[in-house]
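Colleague: Predicted model follows, preceded by the sequence.
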Amino acid sequence: MKKFKEFLRRKNVVISGKRYGIDALSAMAQGLFASLLIGTILATLGEQLLPHVESVAALKKLCEWLVTAGTYAKAVAGPAMAVSIAFALQAPPLVLFSTIAVGQAANVEGGAGGPLAVLLIVIIATECGKLVSKETKVDILVTPFVTIFVGSVLSVLCAPYIGDAASKVGDMVMWATERQPFVMGILVSVIIGIALTLPISSAAICAAIGLTGLAGGAAVAGCCAQMVGFAVLSYKENKIGGLVSQGLGTSMLQMGNIVRKPIIWLPAILTSAITGPIATCLFKLEMNGAAVSSGMGTCGLVGQIGVYTGWVNSGKAITAMDWIGLLSISFVLPAVLCGLLGLLFRRMGWIKDGDLKLEA
């Protein structure tokens, strides 16, 4: 057993919740951003602009190129996720490149729940590839063979079931949200919002279970409550830099302060508990764009772009109320509610000056 542990250590195979549940999951989200997400944005931008510029040849060609680029980017979501995961697992080059095929197989076989299938299968295939990497004189054959063979077999045998299970979880959450929009609006908003601020990927979670529809709208609300909420809550300490880095970047920047003083998280969590049911019950906000956008909030405005993409793709007649709902849930309510709760907490002494200061 000791020799086996030493072998695993030498091959950099670290079996831990952090490496698989945080590092790999977060990397998978980045792979999705660099393929499916940006592809959707590019294609939507081109499609929406094209009817307005058809009389200008150069602009028409640019829009067509945007659509083409977006289509190609969306097509490689599986390989992009796989390479990102393998990179997070510190795979050697041959293993890393071999996971491209594994990601494609797992994503295709996993269907609607493909991202979760890619995550689990690529982890196993990558670790198997690492075990045999540079152990033989024909490494150029053995390493890619093992990585691709293991990944492909698991994709055929397991990915459909993994994908189906993930889809059923997502369907159950969306079904429950449709029938109990108030309660589920609170639960989904709070849980996904918390996941966004924790050092895990809320976007990858939403993508893995295909969280869209009304539940996706609640997820957007929770993420925005955390990001915009912390940006406003900590404005006294962090000024414009903190406002931008948290409001358009990530509320994860506050994790160090949260660990030191957990109560500073409460205003953002309470805000998400309020905006979630407002999104589901009052504004009927739905995320029908890419599921990964549900867990992005205001990061690069991806959540808002995803909602708009869903409107466009569904052929929905976009009304002023739709825009009011999106802007209120994304920016206005999180800023006002979390700001007021922050003032209350400061007056009660629960939050003191410097508690929310970001490290330079």
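Modeller: Sure, I can see it. Residues are numbered from 1 along each chain as shown.

Colleague: can we go C-alpha only for contacts and neighbour counts from here?
Modeller: Will do.

Colleague: what's the closest non-adjacent residue to residue 45?
Modeller: residue 66 (7.2 Å; Cα to Cα, 6 or more residues apart in numbering).

Colleague: For this structure, which residues score under the pLDDT cut-off?
Modeller: 360 (pLDDT under 70).

Colleague: Would you point out which residue is most central in it?
Modeller: residue 203 (1.4 Å; Cα atoms, centre = their mean).

Colleague: Make sure that one is actually in contact with residue 298.
Modeller: No - using Cα atoms under 8 Å, residue 203 makes no contact with residue 298, being 11.8 Å away.

Colleague: Can you show me the strands along the stretch 251-360 of the chain?
Modeller: Listed in chain order, the stretch 251-360 of the chain contains no strands at all (DSSP state E, counting those that start in this stretch).

Colleague: now the helices for it?
Modeller: With helices called from DSSP state H, counting those that start in this stretch, the stretch 251-360 of the chain shows them at 255-260, 266-277, 302-314, 320-327, 333-347.

Colleague: Please name whichever of the ones you listed is nearest to residue 221.
Modeller: With Cα to Cα, the closest approach to residue 221 among the helices of the stretch 251-360 of the chain belongs to helix 266-277: 5.4 Å.

Colleague: How about residues contacting the closest one?
Modeller: 181-190, 193-194, 217-219, 221-226, 229-230, 329, 333-334, 337-338, 341-342 (Cα atoms under 8 Å, 6 or more residues apart in numbering).

Colleague: Flag every buried residue along it.
Modeller: 267, 268, 269, 270, 271, 272, 273, 274, 275, 276, 277 (16 or more other Cα atoms under 10 Å).

Colleague: Check the offset of it from the chain's centre.
Modeller: 20 Å (Cα atoms, centre = their mean, to the nearest Å).

Colleague: go on, stretch 330-349?
Modeller: The answer for stretch 330-349 is 26 Å, by Cα atoms, centre = their mean.

Colleague: do the same with stretch 205-224
Modeller: Per Cα atoms, centre = their mean, the centroid offset for stretch 205-224 relative to its chain is 9 Å.

Colleague: and the end-to-end length of that stretch?
Modeller: 16 Å (Cα to Cα, to the nearest Å).

Colleague: Start the count at 4 instead of 1 going forward.
Modeller: That works, and once the first residue is 4, the last one we named lands at stretch 208-227.

Colleague: which one of the helices of the stretch 254-363 of the chain is the most hemmed in?
Modeller: With neighbours taken as mean count of other Cα atoms under 10 Å, the helices of the stretch 254-363 of the chain reach their highest mean count in helix 269-280, at a mean of 26.

Colleague: so is the residue lying farthest from the centre of the chain in a helix, a strand, or just coil?
Modeller: Each residue of the chain has a distance to the centre, and by Cα atoms, centre = their mean the biggest one is for residue 140: 40.6 Å. Three-state call for residue 140 (DSSP: H, G, I helix; E, B strand; the rest coil): coil.

Colleague: With residue 73 as the reference, name the closest of the helices of the stretch 254-363 of the chain.
Modeller: Of the helices of the stretch 254-363 of the chain, nearest to residue 73 by Cα to Cα is helix 305-317, at 13.1 Å.

Colleague: tell me what the closest one is packed against?
Modeller: helix 41-56 (3 or more Cα pairs under 8 Å, 6 or more residues apart in numbering; DSSP states H and E).

Colleague: how far does the helix it packs on sit from the chain's center?
Modeller: On Cα atoms, centre = their mean, the centre of helix 41-56 falls 22 Å from that of its chain.

Colleague: ditto for stretch 181-194
Modeller: 19 Å.

Colleague: Buried residues, that stretch. List them.
Modeller: Buried, per 16+ other Cα under 10 Å, within stretch 181-194: 181, 184, 185, 186, 187, 188, 189, 190, 191, 192, 193, 194.

Colleague: again, but for stretch 69-80
Modeller: 69, 70, 72, 73, 74, 76, 77, 79, 80.

Colleague: just checking, next helix/strand downstream of the helix or strand in which the third one is found?
Modeller: Element membership for residue 72 (DSSP states H and E) is helix 60-78. Beyond helix 60-78 on the C-terminal side, the first helix or strand identified by DSSP H and E is helix 80-91.
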